[in-house]
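J.: I would like to see how this sequence folds:
(chains A and B, ligands or ions: 2)
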Amino acid sequence: MLEIKDLHVKVKDKDILKGINLTVHPGELHAIMGRNGSGKSTLANAIAGQDSYEITSGDILFNGTSIVAESPEERALAGIFMSFQYPVIIPGVNNTYFLKAALNAKRKHQGKTELDAVEFLKLIREKLAVVEMDEKYLHRAVNDGFSGGEKKQNEILQMLTLEPALAILDETDSGLDIDALKIVAAGINNYRRDDRAIVIITHYQRILKYLEADYVHVLINGKIAKTGGENLAEQLEDKGYSWLDN
Amino acid sequence: MKTQNKTIEKVTSQDYQYGFVTDIEQDTIPPGLNEDVIRLISNKKDEPDWLINWRLKAYKNWLKMNEPDWAKVDYPEIDYQSISYYSAPKDKSDGPKSLDEVDPELVKTYEKLGIPLEEQKMLAGVAVDAIFDSVSVATTFKEDLKKAGVIFCPFSEAVQDHPDLVKKYLGSVVPYTDNYFAALNSAVFSDGSFIYIPKGVRCPMELSTYFRINAMNTGQFERTLIVADEGSHVSYLEGCTAPMRDENQLHAAVVELVAHKDAEIKYSTVQNWYPGNPETGKGGVYNFVTKRGICAGSNSKISWTQVETGSAITWKYPSCILKGDGSVGEFYSVAVANNFQQADTGTKMIHSGKNTRSTIISKGISAGKGQNTYRGQVKIMKNAENARNYSQCDSILIGDQCSAHTFPYIDVRNPSAQMEHEASTSTIGEDQLFYCNQRGISTEDAVSLIVNGFCKEVFRELPMEFAVEAQKLMEVTLEGSVG
Ligand SMILES: Nc1ncnc2c1ncn2[C@@H]1O[C@H](COP(=O)(O)OP(=O)(O)OP(=O)(O)O)[C@@H](O)[C@H]1O
Ligand SMILES: [Mg+2]
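T.: Numbers count the residues shown, from 1 in each chain, chains lettered A, B, ... in the order given. Ligands and ions are numbered 1, 2, ... in the order given. Modelled structure (predicted):
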């Protein structure tokens, strides 16, 4: 589904990613770990197409075709979703309205009819229940005044509503209390399917306890320094990252 | 980032979509202004002596006045002698009784604007007094209004048919001594709308007028007067969009509103004059408007709602004089300054009655190289016990070459006044656009989403069909400023 080949990415004249190789198949869940500033979010943003992240060489393939020349919304419409490490506030824009615009943009792209307000409300209520969010959040502006945890839940709500093929979750588990962590994990598991893939960027092994990762990668100095199973996350929890430096 | 800016530029630099010129023959006075021209205008309309004299007094007054320079707008000097002060479509001999009698060119023009009269007629009973350049050429729904006792007619007609009312109220809210542009308008005004709602009558439909500038080199000097007698209610809609042209066009309208005891006037405007060439700023309309209403009687209410998307220069401060005890003044405004547009707009709320209340909600949108200024005054007079004002001025910036300024003036002379003021400035950031893009929403739709969200407190004050038009205009405008 996702194939990253020898990817080099530069931000503001600084080389951040220095040759990433990663292949994600449908149904898989990959976790990416690494120190602060190691380039995890850079990787996520490069996949999503944020244009301050300049791809200097290498390629990103999604379902077999290169997407590096595509705009962020083309990639999104093709089925790539990114849960933001820092979800953006959009004052004045109603959360429901935003979600509906996003969903209908996608449906239009797929040649489906757009949902009207009633159909949409029905759908969104189901999704709200999964992330145990109160309906009042629908009527607030997008992420405006949301607590850190609420923002992350809202990201998961969007993912569940848009049903992308590939979800890249950038520290969606950071800043969550114990209950919220379970809820977010439940949301991710609810989304998970054989034809969908998940890449989760995280600092903590605790979310992986709920998720069953197929692979854990460690990003060091712009490269994937090590790949393993869930026990790699446990090792990192114990030993930190220094044993992987060289 | 660069790409995003380019997108914004691309979007903001789209050509004016409503730019076209219809070729209806014009009956135009040669450029220049002197007493003879004023007499000529007056004669063409067969006006009574008192009105000619009033115009001449206004003219003499104007000669002694100076063009105001305090607004934050910048434009080359206007040569008032190069402007033609009267223009009328030629075949207006008897005035059409139905659309079939209207010049097909004109009908086509409205169709291009998406506001065909045909549809208007069918739509929710909107009476349309269409002003093409300076003279009204189509009036509908007159009969229904007549039954209710409502007078809604071109100003020139009111001068003939209701001289007492016109004489009583003309200049009573905006005297010709008020300001430079009001004086000029008083001297040369060509036509406009007159509305009188009798005691206790709720006007059975929204009244609307579509303005349009179309004659080369012709200044527009509309005069509107609305009088709502005791306990009456009226909602008036004014909207316009102008064709592409090279020459700067001066527009100096005057609108006067009078609300008697328990009466309510709601005045809504969607303004979309030609803003000028998007690359050079050349050729846009100069819009110097004086709009003022007086809540003369107790518990009366005047509400201004405006959506200003056009013009090269907007100089406009719809105001309320809250004289009657318990009267209410409201001002809801969205003003866009895109590309080279300059907008200096706001309101004045003058509280002189007891227990008077005013609300000001101003939303300024700046994009491209646009410059947007809110200028507002709230004045609480000595005897205005328990006056209250709430002001909220928000600005949004799109791109990094535009600017927003806020000048709230507050003058409180009674200690019982309660004043509340809130202000904010935000930008449509690259991060917000990317967030929307990542959810599959295009940049253009994202801008429109954000701007409509920003404006919604004002849009919801507009009558339904106007709200739709306003959003449409906003999208067209913001296809060049709201990315
Ligand atoms: N827009 C930017 N401008 C300048 N430097 C940037 C920018 N974005 C990222 N960087 C730099 O790139 C490096 C990698 O950042 P990135 O956000 O990818 O790290 P991360 O692995 O996600 O870290 P964290 O775990 O703290 O979220 C950092 O040194 C960061 O300062
Ligand atoms: Mg990060």
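
J.: only C-alpha atoms from now on, for both contacts and neighbour counts.
T.: Fine.

J.: pretty sure B:T290 is touching B:C320, no?
T.: No: counting by CA atoms under 8 Å, B:T290 stays clear of B:C320, with 11.6 Å between them.

J.: now the strands for the stretch 251-400 of chain B?
T.: B:254-259, B:264-272, B:285-295, B:301-308, B:313-316, B:319-322, B:328-337, B:342-345, B:348-351, B:357-367, B:371-380, B:388-398 (DSSP state E, counting those that start in this stretch).

J.: with distance to B:I38 added, can I get the ones you listed in TSV?
T.: Shown next, in TSV, are these (distance: least, CA to CA, whole Å):
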stretch	distance to B:I38
strand B:254-259	17
strand B:264-272	28
strand B:285-295	20
strand B:301-308	31
strand B:313-316	25
strand B:319-322	28
strand B:328-337	34
strand B:342-345	30
strand B:348-351	31
strand B:357-367	38
strand B:371-380	33
strand B:388-398	41
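
J.: can I get those in CSV with distance to ligand 1 and mean neighbour count?
T.: Shown next, in CSV, are the strands of the stretch 251-400 of chain B (distance: least, CA to the nearest ligand atom, whole Å; neighbours: other CA atoms under 10 Å in any protein chain shown):
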stretch, distance to ligand 1, mean neighbour count
strand B:254-259, 51, 26
strand B:264-272, 39, 24
strand B:285-295, 42, 25
strand B:301-308, 36, 26
strand B:313-316, 38, 25
strand B:319-322, 46, 28
strand B:328-337, 30, 28
strand B:342-345, 33, 28
strand B:348-351, 44, 27
strand B:357-367, 24, 27
strand B:371-380, 29, 25
strand B:388-398, 20, 22
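
J.: would you turn those strands into JSON lines with mean pLDDT?
T.: Shown next, in JSON lines, are the strands of the stretch 251-400 of chain B (pLDDT from 0 to 100):
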{"stretch": "strand B:254-259", "mean pLDDT": "96"}
{"stretch": "strand B:264-272", "mean pLDDT": "88"}
{"stretch": "strand B:285-295", "mean pLDDT": "91"}
{"stretch": "strand B:301-308", "mean pLDDT": "93"}
{"stretch": "strand B:313-316", "mean pLDDT": "86"}
{"stretch": "strand B:319-322", "mean pLDDT": "96"}
{"stretch": "strand B:328-337", "mean pLDDT": "92"}
{"stretch": "strand B:342-345", "mean pLDDT": "85"}
{"stretch": "strand B:348-351", "mean pLDDT": "96"}
{"stretch": "strand B:357-367", "mean pLDDT": "92"}
{"stretch": "strand B:371-380", "mean pLDDT": "91"}
{"stretch": "strand B:388-398", "mean pLDDT": "92"}
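
J.: tell me which of the ones you listed sits nearest to chain A.
T.: Among those, the nearest to chain A by CA to the nearest CA is strand B:388-398 (10.8 Å).

J.: against which helices or strands is the closest one packed?
T.: Secondary-structure packing of strand B:388-398 (3 or more CA pairs under 8 Å, 6 or more residues apart in numbering or on different chains; DSSP states H and E): strand B:357-367, strand B:403-412, strand B:418-428.

J.: which of those strands sits closest to A:K12?
T.: The closest of the helices and strands packed on strand B:388-398 to A:K12 is strand B:418-428. By CA to CA, the value is 21.7 Å.

J.: ok, the nearest residue to B:N383 once chain neighbours are set aside - contacts?
T.: Residue nearest to B:N383 in three dimensions, not counting chain neighbours: B:S352, with 6.3 Å by CA to CA, 6 or more residues apart in numbering or on different chains. By CA atoms under 8 Å, 6 or more residues apart in numbering or on different chains, the contact set of B:S352 is B:I321, B:L322, B:K323, B:G324, B:I380, B:M381, B:K382, B:N383, B:A384.

J.: for B:N355, see how far away the third one is.
T.: Here B:K323 is placed at a distance of 10 Å from B:N355 (CA to CA, to the nearest Å).

J.: got it, and the fifth one?
T.: Applying CA to CA, one obtains 11 Å for the distance of B:I380 from B:N355.

J.: shared neighbours, those two?
T.: B:A387.

J.: where does pLDDT dip in chain B?
T.: B:1-27, B:87-143, B:209-219, B:240-248, B:465, B:476-483 (pLDDT under 70).

J.: now the helices for it?
T.: B:2-12, B:35-44, B:49-64, B:104-112, B:117-122, B:142-148, B:155-161, B:163-169, B:180-188, B:430-438, B:443-459, B:464-478 (DSSP state H).

J.: deepest-packed of those helices, please.
T.: helix B:180-188 (a mean of 27; mean count of other CA atoms under 10 Å in any protein chain shown).

J.: tell me the angle it makes with helix B:35-44.
T.: For helix B:180-188 against helix B:35-44, the angle by axes from the mean of the first three to the mean of the last three CA atoms, to 10 degrees is 60 degrees.

J.: list of residues touching helix B:180-188?
T.: B:38, B:41, B:54-59, B:61-62, B:65-68, B:85, B:174-177, B:221-223, B:252-254, B:288-290.

J.: done for today, thanks.
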